[in-house]
Every structure is written in C-alpha cells, then in structure tokens.
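**Student:** Fold the stuff below for me.
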Amino acid sequence: VATSKKNACVSLVFSFLYKVVQVFSEYFKELEEESIRDNFVIIYELLDELMDFGYPQTTDSKILQEYITQEGHKLETGAPRPPATVTNAVSWRSEGIKYRKNEVFLDVIESVNLLVSANGNVLRSEIVGSIKMRVFLSGMPELRLGLNDKVLFENTGRGKSKSVELEDVKFHQCVRLSRFENDRTISFIPPDGEFELMSYRLNTHVS
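**Tutor:** Predicted coordinates:
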C-alpha cells in the first residue's frame, strides 16, 4: 500500500512497490512478518536509500548491498569514501570479483495467459516470459546473447525462417540498448549473482 499527497503516476508507484519487495526479498530471502520484525533497522536504512523526498532513488539491490549490509563494519579514520559501485561507470558490478570456477546459468521462464469463452474457444492468448541468470564470473566479463527475433530475421532476409515477435521488452540496465537496436544482439556486462536480464510478451495464438 502506498499513499501520496498529490496525484502520482500509478504505474510508477506500482513499479516502485514491486522493486521494494524485490530488494527486501534479496536481503531477507523470505519476506514474512517475522523477518520484517527482526530486520526493521535494515528496512529503515533501505527505505531511506530507496526513496529520497518522495522520489525513487537507488533501487538496484547490487548497489545497495555495497553499503547497507547485515554485518558489522570496522571503523575507519579519515574522510568517508562512497562505494565504488556508486561512482563506477558499471555501477551494477563491483571490481575485483574472482571465482575459481566461472559459471553462467540461464533460465527462460514463460507463462500463458488465456481468455476462454463458455464454449471452450480461445478468445485471446499471450505468453509472458522472462530470462533470469545466475552469473559467477571473474573480472568484468562481456556476454552476448542472440534471439530468433522477427525484426532481425527480416533485416537479414530470413523472413520465412521460424521467428518470434517480441513485445513489451524490458531489459536490465546492464544491456547496451544501442547494440540491440543495431543488430538485435543482447550485449552486456552482467551483475554478480542472480538477476533478471529481460522480460517480454508474445502475442501468439495458443490452441
């Protein structure tokens, strides 16, 4: 539930609330009444960074985890310095990450929405999907991912090939949008750990 003194963009409010839930879930794993009560101090700190004077500010959990942790800190003398991820050009990934074994896991999760008449006929159907990744790579790796996108196939003269038309595509901020517009290649430097690379919708007939 969110309240506002003035008329606000409803989609922005809902998007922010979903992002808050996502950040809390990544911090506490299970978002239950007990976990909220046990971690109320962290929640106050997170809310203070998530929103500033009523405006969404830092909603990336990878950045927040750099300076809002559930562990103790050693007191350092001298002027405090902001975390590297706040000032870095690649703010979603820390420098100096090392793994003994480099691994990447990719999951495509899709669900079907159907509108069926009383006679059992499909009136409307669509597929809503997302690509989620778990990345355990050293350094600053650059990954590339290709899709059988309809626009790409038409531009390269392969319009008759089996392709899909993606709609309502939403990318993680790590994706180079200019590269995707040029050659439909998803090129990015991934965050460390688990994240959602993209979400999409397929307006297709399901029998």
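
**Student:** Go through stretch 36-47 and flag the buried ones.
**Tutor:** Buried residues in stretch 36-47, counted by 16 or more other CB atoms under 10 Å: 39, 42-43, 46. C-beta here means a position set from N, CA and C on the backbone, and glycine is covered the same way.

**Student:** Quick one: distance of the helix ranked longest in the chain to the chain centre.
**Tutor:** Of all the elements of type helix in the chain, the one with the most residues (DSSP state H) is helix 10-28. How far helix 10-28 lies from its chain's middle: 11 Å, per CA atoms, centre = their mean, to the nearest Å.

**Student:** quick one: contacts of it?
**Tutor:** With CB atoms under 8 Å, 6 or more residues apart in numbering as the test, helix 10-28 has contacts from 2, 4, 31, 35-36, 39, 42-43, 46-47, 50-51, 56, 59, 61, 64-65, 70.

**Student:** Show only the entries of the residues you listed found in helices.
**Tutor:** 35-36, 42-43, 46-47, 50, 61, 64-65.

**Student:** and Val164, bridged to which residues?
**Tutor:** Using DSSP bridges, the bridge partners assigned to Val164 are Asp149.

**Student:** Likewise for Phe136?
**Tutor:** Glu103.

**Student:** What's the per-residue pLDDT of it here?
**Tutor:** On pLDDT, Phe136 comes in at 95.

**Student:** Gly54 too?
**Tutor:** 78.

**Student:** how deep is it tucked in, by neighbour count?
**Tutor:** When counting by other CB atoms under 10 Å, one arrives at 9 neighbours for Gly54.

**Student:** what about it, distance to Leu31?
**Tutor:** 23 Å (CB to CB, to the nearest Å).

**Student:** likewise Asn148?
**Tutor:** With CB to CB as the criterion, Asn148 and Leu31 are 36 Å apart.

**Student:** Got the domain ranges for the protein?
**Tutor:** 10-87, 103-202 (automatic domain parsing).

**Student:** Can you say which of those domains is nearest to Arg93?
**Tutor:** Closest approach to Arg93 among these is made by domain 103-202 (5.4 Å; CB to CB).

**Student:** For that closest one, measure first residue to last.
**Tutor:** Domain 103-202 has an end-to-end distance of 29 Å (criterion: CA to CA, to the nearest Å).

**Student:** Having no further points to raise, I will conclude here.
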